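Chemist: Predicted model, plus sequence, below.
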Number of protein chains: 2
Amino acid sequence: MSDELLFMDESEDEAVGDRSNWKVLIVDDEPEVHAVTKLALSDFVFQDKGIEFISAYSGAEAKDIFLRHNDIAIVLLDVVMETDDAGLQVAEFIRNEANNHFTRIILRTGQPGQAPERDVIINYDINDYKSKTELTAQKLFTVVIATLRSYRDIIVIEENRQGLEKIISASADLFSIHSLENFIDGIVQQLSSLIGGTQDAAYITSAVAGPKPIDNNESSQFYIFSGKGDFAEREGQTLDEVLDGQQLASCNKALEEKDIVYQDEYLVAYCNSKTVNGSLLYLSGLPRKLTATDKHLLQIFSQNVQIAFDNVLLTKDIEDTQREIVERLGQALERQMGGGKHIQRMTMICELLGREYGLAKEEINILKLAIPLHDVGKLKIPEAILLKPGQLSEEEKEVVRHHTEFGYQLLKDSRRPIIQAAAKMARDHHEYWDGNGYPQGLKGEEITIFSRIAALADVFDALQARRVYKEAWPLQKVLDNIQAQRGKQFDPKLVDILIANKDKLEAIALAYPDDLDME
Amino acid sequence: MSDELLFMDESEDEAVGDRSNWKVLIVDDEPEVHAVTKLALSDFVFQDKGIEFISAYSGAEAKDIFLRHNDIAIVLLDVVMETDDAGLQVAEFIRNEANNHFTRIILRTGQPGQAPERDVIINYDINDYKSKTELTAQKLFTVVIATLRSYRDIIVIEENRQGLEKIISASADLFSIHSLENFIDGIVQQLSSLIGGTQDAAYITSAVAGPKPIDNNESSQFYIFSGKGDFAEREGQTLDEVLDGQQLASCNKALEEKDIVYQDEYLVAYCNSKTVNGSLLYLSGLPRKLTATDKHLLQIFSQNVQIAFDNVLLTKDIEDTQREIVERLGQALERQMGGGKHIQRMTMICELLGREYGLAKEEINILKLAIPLHDVGKLKIPEAILLKPGQLSEEEKEVVRHHTEFGYQLLKDSRRPIIQAAAKMARDHHEYWDGNGYPQGLKGEEITIFSRIAALADVFDALQARRVYKEAWPLQKVLDNIQAQRGKQFDPKLVDILIANKDKLEAIALAYPDDLDME
């Protein structure tokens, strides 16, 4: 950062965030020294802040105060108090016991013989040495203002340094986010440790992460990717739908200048990106007026936000590609059998069942990625049987049943969690809760939860959709049939969840209708 | 960080990394002032460092020096020189023109009337005000040592602050690495900006990222995941194969204490991880003795290294899963046709051809992920034809040819680059360079490079391997046949590459032999 940013002009009142007065500790066993000091500095002002005096009348008292205050700017320290070197011991204590290296120590001695200047200045980490006789009111004024300047210089850099440490820790958390769902929450949480949190926040991008099939990964339209507060309900909307003229102008300015635009009520931070146009972080309802340090931190943070976003996008892109490949292969089978969107609906239903059943997010993710593979064994079943309209003979049924074992053989012995899950699901998704299924006749919780979920979702969707061998059924008829198999074919808990979520099942069916005209 | 780390004891010689003397600039138009000042401070030492005097005899000269030196600790500044306020103008210049807020300014005036103490100390950002009469040798000594302390305090924090900025920028780069190949290079490069580079470096982990099929993602064995210098050739080896007793002990200590272990010749930094046991960064051949600031930065950096590693591992894991799924499905077809490892060999051959052809890393990655899908259209070709031993009739050949169009239909209209590439490759991998292929009769560079590569790799491997309809051919016979099709069936440039890499082709065949006993 440039020094201009770090060190604002002294006349600017925001150079140091804290608005309280400078704390000056007077340590002296003579009460009149306290009185004279306060008088001499009574109208003292430096950078719009006066002095808050704290008094200690012994070395012991001074040490005690230092354990309670870490924001003392200056200590005016007498040497001879309860002992001949009580003041020197306080100096030692401040640096080595209280570990305070910021407070400026000015030694004031009435008996220079007790603490010879040359020895003391060399051996103690103090910042000035004055004999009381030389300290006129003017000299006291000079030494206090000069010393406060040093203290301020240190504090400005130190605040910035601490801010950078917060950035590093915030960024570490940011870079550990792997899901877009948590993204804006993560940003807002980290921002709160930097500048104290915001009410409303929006992450605005032109990168397309949704399922819209367009030519490249980027449209020219900026939209609310993710929002908190006022923006929570506006996700997916374009900027001009959400923001007013002045806000839009600020966004455009931020994009043009690749910088942060500050307004009274809000700010728009440009987030630089290697892969896309760059994004914007829009924040309003800030907790306080931002200092120069805040602004500097915000600038660094915005850069990291974008890198983190790019990373999450990359992960999502690979996962989506994987899902799409498997779905397309799955559909190659399903399509022949009459239904176009069985896999998509089944994935949604499995997600619903898994979530309500209480599976962890990570498990649901594996389940969703594995689901399209559950019928992969059908690759080895002759099409003549798979596509036969009407009832199959017992012999033909036996052939079809082998798809579970075929699928398992194809997928087993992988070290990838998704393929491991898919292998078990391929084998076990025709097992029954009561043990009357195939191929192994497993029962109850011997069947993995993934397979129990897949079994229910598979049958549910097959019943409600049209197949080459049957017409579509009304939802209520499907649920009645499922209910009749509660505790027999299906896990009773899952059946209850399914029936309790009729609305959501209808929504899924509407969102993914079979396209029966498809080739 | 704790202040203990930031501020080492004054007696420790490593508190400030720089070993040169303190620079003190004397600005005065009277030469004898320079002489007297140097005499008074002739044996001056603070924190093992003496003083390097720089002299300026006018305000103009002083300004000039400030533009060339940004590491002046103290300026002893006369007021009245070429003008009555020349010194004050220098003070103004230092802060506002040279933007230097670290150098401590001590004003020394012979005519206090020209620069009244109270006005000057308030209005100029100076750090002390002395009349020359009060500046005895002892007072000069005191003010210089006290002022150097302030300067040191500022520089220590500032160096740390700058280090943190470097960490942030280094980490931003680190988090932009998406491939394990670049990982150790990235670390070493970033380290060099922090502590000046190392000769030898190893990243040591127990996380298994290779293709070894074991039950979980972690063994208890720590091994060299990636290395530079001495460790470049040791990748994959376990710790006890590479390190000696004392080095091993240091590694174990770092793991136990979850901290950095420093030895004279090397250091081992523990890298904390959320997902695995934690990893180690082993560095030797450090460019210099590390300062307290270095060590602090190293600690923060190590944490970020691990997060970045976890991220790269996650990306790799998803990609590997994707590749494995597609390969398994591809193999389901190939296996029936007699060959078990056709897809793996073809992937390796395509990578070889793509690299030598000059494709970008990112393109090769897409190619490798898309390759297993090139024959996906065969899902729709009756097995009776696919698995028929011996020659096919013209009618049957015509049916088989449709697999290109089927595959394209299955994969087309995706917005995922991998699936887009796979769609074109599925359609075009039977096109000929001379235009005599199918389905469209494209010729030369009308056929995408991916499809030209796939076409050559596919035929090459089919010839050299056993199939239901033919025996395996010796490599030279295969290459002779390919050579005969140079510029006819195949891109001549690719044929040349293939023939020039006979050794590598043999190695690939050895690494992935067909398992003919497979089910």
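Modeler: Done, it's in.
Chemist: what are the phi and psi angles of A:D128?
Modeler: Backbone torsions of A:D128, given as degrees, to the nearest 10, read phi -170, psi 160.
Chemist: ok, now which ones touch the closest residue in space to it that isn't next to it in sequence?
Modeler: Take A:D128 and drop its neighbours on the chain: the residue closest to it by C-beta to C-beta, 6 or more residues apart in numbering or on different chains is A:I106, 4.4 Å away. All C-beta atoms are positioned from the backbone trio N, CA, C, and that covers glycine. Residues in contact with A:I106 (C-beta atoms under 8 Å, 6 or more residues apart in numbering or on different chains) are A:I74, A:V75, A:L76, A:L77, A:I126, A:N127, A:D128, A:Y129, A:K130, A:V143, A:T147.
Chemist: Determine the three-state secondary structure at the second one.
Modeler: What it means is A:V75. Secondary structure, DSSP: H, G, I helix; E, B strand; the rest coil: A:V75 is strand.
Chemist: if I read this right, it contacts A:T103, doesn't it?
Modeler: Yes - contact status for A:V75 versus A:T103: in contact at 5.9 Å, counting by C-beta atoms under 8 Å.
Chemist: Find residues that contact each of the two.
Modeler: What both A:V75 and A:T103 touch, as defined by C-beta under 8 Å, 6+ apart, is the set A:I94.
Chemist: Which of the two has more residues huddled nearby?
Modeler: A:V75 (28 against 21; other C-beta atoms under 10 Å in any protein chain shown).
Chemist: Please name the spatially closest residue to the more buried one (chain neighbours excluded).
Modeler: Counting by C-beta to C-beta, 6+ apart, A:L25 is the residue found nearest to A:V75 once chain neighbours are left out, at 4.4 Å.
Chemist: Based on its surroundings, how many neighbours for that neighbour?
Modeler: Look at A:L25: counted by other C-beta under 10 Å, it has 24 neighbours.
Chemist: And A:Q199, by the same measure?
Modeler: 14.
Chemist: re the thing from before, could you spell out the sheet neighbours of the host helix or strand of the residue nearest to A:D128, each with its direction?
Modeler: Remark: A:I106 resides in strand A:104-109, with elements defined by DSSP states H and E. Partners of strand A:104-109 in the sheet, by DSSP bridges, are strand A:72-78 (parallel), strand A:128-131 (parallel).
Chemist: So which bits of the stretch 401-519 of chain A are right by chain B?
Modeler: Contact residues, the stretch 401-519 of chain A versus chain B (C-beta under 8 Å from any C-beta of the partner chain): A:Q409, A:L410, A:L411, A:D413, A:S414, A:R415, A:R416, A:I418, A:I419, A:A422, A:E519.
Chemist: ok, which pair from those residues is furthest apart?
Modeler: Pairwise distances among those were taken by C-beta to C-beta; the largest, 37.5 Å, belongs to A:R415 and A:E519.
Chemist: Any regions of the stretch 1-150 of chain A where pLDDT drops low?
Modeler: Scanning the stretch 1-150 of chain A for pLDDT under 70 picks out A:1-19.
Chemist: ok, 50 please
Modeler: The stretch 1-150 of chain A contains residues with pLDDT under 50 at A:1-5, A:8-17.
Chemist: where do the helices sit along it?
Modeler: A:3-6, A:31-40, A:59-68, A:86-92, A:117-123, A:137-174 (DSSP state H, counting those that start in this stretch).
Chemist: Buried deepest among those, which one?
Modeler: Neighbour counts (mean count of other C-beta atoms under 10 Å in any protein chain shown) averaged over each of the helices of the stretch 1-150 of chain A peak at helix A:86-92, with a mean of 23.
Chemist: Other residues contacting that one?
Modeler: A:27, A:58-60, A:62-63, A:66, A:75, A:77-81, A:83, A:105, A:107, A:109, A:115, A:120, A:124-126.
Chemist: one more time with 6 Å, if that's ok
Modeler: By C-beta atoms under 6 Å, 6 or more residues apart in numbering or on different chains, the residues outside helix A:86-92 that reach it are A:G59, A:A62, A:L77, A:D78, A:V79, A:I105, A:Y124, A:I126.
Chemist: now the nearest residue to the first one once chain neighbours are set aside: how far from A:G435?
Modeler: Put plainly, it is A:G59. In this structure, A:G59 finds its nearest non-sequential neighbour in A:A86, 3.4 Å apart by C-beta to C-beta, 6+ apart. Per C-beta to C-beta, to the nearest Å, A:A86 is found 86 Å from A:G435.
Chemist: With A:L410 instead?
Modeler: 26 Å.
Chemist: Looking at the two, which one has more neighbours?
Modeler: Set side by side, A:L410 and A:G435 show more neighbours around A:L410, with 22 against 14, by other C-beta under 10 Å.
Chemist: ok so, going back, between A:R415 and A:E519, which one's more packed in?
Modeler: Neighbours were counted for A:R415 and for A:E519 using other C-beta under 10 Å; A:R415 has more, 18 against 5.
Chemist: Can you name the helix or strand that the more buried one falls in?
Modeler: Per DSSP H and E, there is no helix or strand for A:R415.
Chemist: pLDDT score for it?
Modeler: Looking at A:R415, its pLDDT stands at 84.
Chemist: For chain A, give me the ranges with low pLDDT.
Modeler: Along chain A, segments meeting pLDDT under 50 span A:1-5, A:8-17, A:210-218, A:517-519.
Chemist: In space, not sequence, find me the middle residue of it.
Modeler: Closest to where the C-alpha atoms of chain A average out (C-alpha atoms, centre = their mean) is A:G186, at 1.6 Å.
Chemist: and that residue, that's in a helix?
Modeler: Yes - assigned with three-state DSSP, A:G186 falls within a helix.
Chemist: Now the closest residue to it other than its chain neighbours. Its backbone dihedrals?
Modeler: Excluding the flanking residues, the one nearest A:G186 by C-beta to C-beta, 6+ apart is A:I177, at 4.7 Å. Dihedral pair for A:I177: phi -80, psi 130, per degrees, to the nearest 10.
Chemist: measure A:I177 to chain B for me?
Modeler: Computed as C-beta to the nearest C-beta, to the nearest Å, the A:I177 to chain B distance reads 10 Å.
Chemist: What's the local residue count around that residue?
Modeler: A:I177 has 19 nearby residues by other C-beta under 10 Å.
Chemist: what do you get for A:Y512?
Modeler: When neighbours are counted by other C-beta under 10 Å, A:Y512 comes out with 19.
Chemist: likewise A:C271?
Modeler: For A:C271, the neighbour count with other C-beta under 10 Å is 26.
Chemist: Next, the closest residue in space to it that isn't next to it in sequence: phi, psi?
Modeler: Leaving aside its chain neighbours, A:C271 sits nearest to A:Q306 (3.6 Å; criterion: C-beta to C-beta, 6+ apart). The phi and psi torsions at A:Q306 (degrees, to the nearest 10) take the values phi -70, psi -40.
Chemist: do the same with A:L283
Modeler: The phi/psi pair for A:L283 (degrees, to the nearest 10) reads phi -130, psi 130.
Chemist: and A:L286, helix, strand or coil?
Modeler: What three-state DSSP gives for A:L286 is coil.
Chemist: measure it to chain B for me?
Modeler: 22 Å.
Chemist: residues in contact with that residue?
Modeler: Contacts of A:L286 (C-beta under 6 Å, 6+ apart): A:T198.
Chemist: how about the strand holding A:I106 as CSV, C-alpha atoms only?
Modeler: Output in CSV follows, covering the C-alpha atoms of strand A:104-109 (Å, rounded to 0.1, in the frame of the first residue of the first chain):
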residue,chain,number,x,y,z
ARG,A,104,5.9,5.7,25.0
ILE,A,105,7.8,6.1,28.3
ILE,A,106,9.1,9.5,29.3
LEU,A,107,11.3,9.3,32.4
ARG,A,108,11.1,12.4,34.6
THR,A,109,13.5,12.5,37.4
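Chemist: Show me what the closest residue in space to A:E265 that isn't next to it in sequence is bridged to.
Modeler: Spatial nearest neighbour of A:E265, excluding adjacent residues (C-beta to C-beta, 6+ apart): A:S284 at 5.8 Å. Following DSSP bridges, A:S284 is listed with bridge partners A:D200, A:Y266.
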